[in-house]
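J.: would you be able to build a 3D model of this:
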Amino acid sequence: MKLTSMITVERTSVGIVCAFALALMSHNVMADKSSATGVAISNSLHALEANDQYEPTIINVLTVLQSGKLEEALDLINVHLKRFPKSRIGHLLRADILKGMGGDLSEIGAGSALPAKEIQGLSHQLKNRWLHSKNFDQAAHKRIPDSLLDIGEHPYVLVADMQKGRLYVYENNDGQAELIRDYYMSVGSQGYGKQVEGDNKTPIGVYHVNRYIEGQRLPDLYGKGAFPVNYPNRLDRFLKRTGYGIWLHGTPSSTYARSPWTSEGCFVLSNDDLLDIAQFVSAEAKTPVILSDQVNWVDRRDLLLRKDEFLSVVDRWRRDWESIDTEAYLSHYVQEDLNFGAINFKGWANAKRKVNKGKTFIQVDLDIHEMFVYPGEKDMFVISYTQNYLSNNYSGQTQKKQYWKRLDSGQWKILFEG
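T.: Presented below is the predicted three-dimensional model:
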């Protein structure tokens, strides 16, 4: 090889390395600082267990690019595109690699003729996938989202980290949540924190899957199927959040995966990932879906301590009820907007006092079905349970849900019970 040719190859390699290093590595400040530092893992759990090589091959291409090995990167991206011909991110990378081999490449997308907005979205997707591969604690079997206080008897629970663009699947292993899958995910085109209909934001909160819609019954936009969730829930309605039709669904047939912020408020997986996650999601089981702005990862020991703290709050309420100390029992409830404004506290409290005058004993047992820290709200948790009530003149079993919030005074109070 002539010296001039060697210099050209070296310069183009440096150019493409700089382009991808600046675009990807400089964003490490966005990494989840709560993740344990350790050996970087380039494969997601989903890729390892489901044998899906979409994301791992993209990460491998980026790794090779940052070492300046353009020909090797081109071979890898060609293999990727042969398997995933609808991979827009793959076509973008291939165009950039070819441009880098023929001249200097200053930024991601410089080799593509796509519109700037689409390039920006694909670049955002690359960053999300790259940061996940480098910063996600694969020893996350030892760390867990702090929202998962108690998953009860739910076979599976979904947890979304919308800032990172990731959806995690936890399996119930004798009452302990175990991470078994994680997927790249897209959210609303305007981000998250839905407030009003048409704001194109994905809601933050605790929801449940309430049905399944087969792909053949849907427009192509929604891909291979959809799992609607129960937005708006009680808290959303109280806070006057509007809108409807928040679904977990797939992608159009024209693309493999969408950019991180592209939906009208839904949370979206590739069709391959949707078909994979379908084995864990059930309308009959009302699979919980925790849509978090950002997951806070904690050690399991810390999670158990927090769970015990919240259980002690609930148990004080239960014991005060059993003691027939009506005033102590009533002190656990907010007096303004009780049941999100549906109950007048004064009238309800007088009715409780009257009922308790006829009690000689009360016994209350709770069988907890789920307990989650509520994302997006300060110091709030929600608990669902079967209540078994027994007294000298009444017995019954009811399904209950409570929203608890710690007030500025430091006291935990029941906002809703029903």
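
J.: which residues of this protein fall in helices?
T.: Counting by DSSP state H, one finds helices in the chain at the ranges 3-24, 45-50, 54-66, 70-83, 88-102, 116-135, 234-238, 271-277, 300-322, 326-330, 345-356.

J.: what about those, which gets the closest to residue 213?
T.: The minimum distance between residue 213 and the helices of the chain falls on helix 271-277, with 11.6 Å, by Cβ to Cβ. For the C-beta atoms, the positions are set from N, CA and C on the backbone; glycine is no exception.

J.: picking up where we left off before, now the helices of the chain in JSON lines, with mean pLDDT, distance to residue 416 and mean neighbour count?
T.: As requested, the helices of the chain are exported to JSON lines (pLDDT from 0 to 100; distance: least, Cβ to Cβ, whole Å; neighbours: other Cβ atoms under 10 Å):
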{"stretch": "helix 3-24", "mean pLDDT": "45", "distance to residue 416": "44", "mean neighbour count": "15"}
{"stretch": "helix 45-50", "mean pLDDT": "47", "distance to residue 416": "35", "mean neighbour count": "18"}
{"stretch": "helix 54-66", "mean pLDDT": "90", "distance to residue 416": "40", "mean neighbour count": "22"}
{"stretch": "helix 70-83", "mean pLDDT": "93", "distance to residue 416": "49", "mean neighbour count": "17"}
{"stretch": "helix 88-102", "mean pLDDT": "89", "distance to residue 416": "43", "mean neighbour count": "21"}
{"stretch": "helix 116-135", "mean pLDDT": "87", "distance to residue 416": "35", "mean neighbour count": "19"}
{"stretch": "helix 234-238", "mean pLDDT": "96", "distance to residue 416": "6", "mean neighbour count": "17"}
{"stretch": "helix 271-277", "mean pLDDT": "95", "distance to residue 416": "30", "mean neighbour count": "21"}
{"stretch": "helix 300-322", "mean pLDDT": "97", "distance to residue 416": "13", "mean neighbour count": "15"}
{"stretch": "helix 326-330", "mean pLDDT": "97", "distance to residue 416": "15", "mean neighbour count": "16"}
{"stretch": "helix 345-356", "mean pLDDT": "96", "distance to residue 416": "13", "mean neighbour count": "13"}
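
J.: for stretch 56-64, what is the distance to the chain centroid?
T.: 25 Å (Cα atoms, centre = their mean, to the nearest Å).

J.: what do you get for stretch 102-118?
T.: Stretch 102-118 has its C-alpha centroid displaced from the chain centroid by 31 Å (Cα atoms, centre = their mean).

J.: stretch 207-218 now?
T.: On Cα atoms, centre = their mean, the centre of stretch 207-218 falls 18 Å from that of its chain.

J.: make 41 the first number, not 1, from now on.
T.: Shifting the count to begin at 41 puts that one at stretch 247-258.

J.: what sits up against it?
T.: 262-271, 273, 286-290, 318, 321-323, 326-331 (Cβ atoms under 8 Å, 6 or more residues apart in numbering).

J.: list the buried ones in it?
T.: By 16 or more other Cβ atoms under 10 Å, the buried positions in stretch 247-258 come out as 247, 248, 249, 255, 258.

J.: export it as PDB, just CAs?
T.: C-alpha atoms of stretch 247-258 as PDB (Å, rounded to 0.1, in the frame of the first residue of the first chain):
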ATOM      1  CA  TYR A 247     -51.300   0.200  35.400                       C
ATOM      2  CA  HIS A 248     -52.600  -3.200  34.400                       C
ATOM      3  CA  VAL A 249     -53.100  -4.900  31.100                       C
ATOM      4  CA  ASN A 250     -56.800  -5.300  30.500                       C
ATOM      5  CA  ARG A 251     -57.100  -6.900  27.000                       C
ATOM      6  CA  TYR A 252     -55.300  -8.100  24.000                       C
ATOM      7  CA  ILE A 253     -55.900  -7.100  20.400                       C
ATOM      8  CA  GLU A 254     -54.600  -9.300  17.600                       C
ATOM      9  CA  GLY A 255     -52.500  -7.700  14.900                       C
ATOM     10  CA  GLN A 256     -54.900  -8.600  12.000                       C
ATOM     11  CA  ARG A 257     -57.600  -6.400  13.700                       C
ATOM     12  CA  LEU A 258     -55.300  -3.400  13.800                       C
END
